[in-house]
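Trainee: just to be clear, the model below is a prediction. Sequence and coordinates:
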Amino acid sequence: MTSATNRCDYADRLIRLYIRDRDRVCQLASDPSWNTECWGELQACHFIGRGRKATRWDPRNLVLACAAHHRRMDADPIAKHSFFAARLGEERFTALHMKSQQAFDRDYDRVIRELRELRGI
C-alpha cells in the first residue's frame, strides 16, 4: 500500500469489519423512535461525515445499521444527533465533536495500525 488513497481505502475496510464484529445487528432495530422495519444490507453508519478524517475511523463515530435505518438516519440529522448523544453519553459525545474539529495529520499508517490493534490482528 503505497498511495494515500490505497491506505485510506484499507482503513475504511478495517473499520467496517470492526463495526460489523462489534455491533453484529442493526443498532436501530430495537429503538422505537426509528419505527422503520429493518431491511437491506448492514452498513457502517457515520455520525460525523466521512469527510472529517479526524473522526472517520473513530469507532465512537459509527454504528451498524441496516440500509433502511442508515438512509433514514442520514435524512434526519436531529434524530441522528439525538441517537448518538444518547448512545455515547455527554462526555464521549463532546469529545467526539472536539476531535472532529481537529485537522487530520494524514498519518494513515497510524490509523491502520490502531485499527489492526482494535481488531486484534
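Mentor: Thanks, I have the structure now.

Trainee: can you pull the buried residues of stretch 89-96?
Mentor: Within stretch 89-96, the residues that qualify as buried are 93, 96, counting by 16 or more other CB atoms under 10 Å. All C-beta atoms are positioned from the backbone trio N, CA, C, and that covers glycine.

Trainee: how far is it from where the chain is centred?
Mentor: 15 Å (CA atoms, centre = their mean, to the nearest Å).

Trainee: tabulate the CA atom coordinates of it in CSV.
Mentor: What follows is stretch 89-96, C-alpha atoms only, in CSV (Å, rounded to 0.1, in the frame of the first residue of the first chain):
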residue,chain,number,x,y,z
GLY,A,89,-23.2,9.9,26.8
GLU,A,90,-22.4,13.6,27.1
GLU,A,91,-18.6,13.3,27.8
ARG,A,92,-17.8,10.9,24.9
PHE,A,93,-20.2,12.8,22.6
THR,A,94,-18.5,16.1,23.3
ALA,A,95,-15.0,14.5,22.9
LEU,A,96,-16.0,13.2,19.5
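
Trainee: residue 52: how many residues sit nearby?
Mentor: Residues lying near residue 52 (other CB atoms under 10 Å) number 16.

Trainee: show me what contacts the residue nearest to residue 40 when sequence neighbours are not counted?
Mentor: Excluding its sequence neighbours, the residue lying closest to residue 40 (CB to CB, 6 or more residues apart in numbering) is residue 67, at 2.5 Å. Going by CB atoms under 8 Å, 6 or more residues apart in numbering, residue 67 touches 39-41, 43.

Trainee: before we move on, what about residue 14?
Mentor: When contacts are counted by CB under 8 Å, 6+ apart, residue 14 is found next to 57, 112, 115-116, 119.

Trainee: and for residue 106?
Mentor: Listed by CB under 8 Å, 6+ apart, the contact partners of residue 106 are residue 4.

Trainee: which SS state does it fall under?
Mentor: At residue 106 the chain is in coil, as set by DSSP: H, G, I helix; E, B strand; the rest coil.
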